[in-house]
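**Student:** Requesting a structural model of the entry that follows:
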Amino acid sequence: SAIAKCISAILNRKDINLNVQELLDSGDTPKEVLEDTMQECTILDLSGCEIEELLYYISNGNPVFAMTGENDAVLITGYDANNITFYDPAGGSNKTMSMESANELFLQAGDTFFTYLE
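**Tutor:** Numbering: from 1, shown residues only. Now for the predicted structure:
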């Protein structure tokens, strides 16, 4: 799933390789998978934040996991004054979207965000 691919991409940055989909299928939430596997990091639930508030973490080099639908997610990896850049696991590529469009998309998906601090 897109959710598993996004969580796997975060874990791969820390050289952690495991079957995320299996953990999700067994009932773990994305946040629980991150907390259980990245114990040296602090996992932050940024749900409800505005996109501008997420930019601090992205500027520090940490991607932000963002739900885009009931079973879909992306990793926000960069930004400029008007746009965000994100990894879309469905297409396997990086894409750009205006901040305004991203705010609408994330709001419709419940403004669910996670990231981590070293």
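**Student:** Centre of the chain to the longest helix along the chain, how far?
**Tutor:** Criterion DSSP state H: the longest helix present in the chain is helix 2-13. The chain centre lies 8 Å from the centre of helix 2-13; the measure is Cα atoms, centre = their mean, to the nearest Å.
**Student:** pLDDT averaged over it - what is it?
**Tutor:** Computed over helix 2-13, the mean pLDDT rounds to 96.
**Student:** Buried residues of the helix or strand following that helix, list them for me.
**Tutor:** As assigned by DSSP states H and E, the chain's next helix or strand after helix 2-13 is helix 20-25. For helix 20-25, burial by neighbour count (16 or more other Cβ atoms under 10 Å) applies to 20, 23-24. C-beta coordinates here come from the backbone N, C-alpha and C atoms, glycine included.
**Student:** Compile the residues you listed into a markdown table and extend it with columns for pLDDT and distance to Leu11.
**Tutor:** Putting these into a markdown table (pLDDT from 0 to 100; distance: Cβ to Cβ, whole Å) gives the following:
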| residue | pLDDT | distance to Leu11 |
| --- | --- | --- |
| Val20 | 97 | 7 |
| Leu23 | 97 | 10 |
| Leu24 | 97 | 13 |
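**Student:** Make a markdown table out of those residues and add distance to Tyr116.
**Tutor:** Output for those, formatted as a markdown table (distance: Cβ to Cβ, whole Å):
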| residue | distance to Tyr116 |
| --- | --- |
| Val20 | 15 |
| Leu23 | 17 |
| Leu24 | 18 |
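**Student:** Mind giving me the packing neighbours of the longest helix of the chain?
**Tutor:** helix 20-25, helix 30-37, strand 64-67, strand 73-79, strand 83-88 (3 or more Cβ pairs under 8 Å, 6 or more residues apart in numbering; DSSP states H and E).
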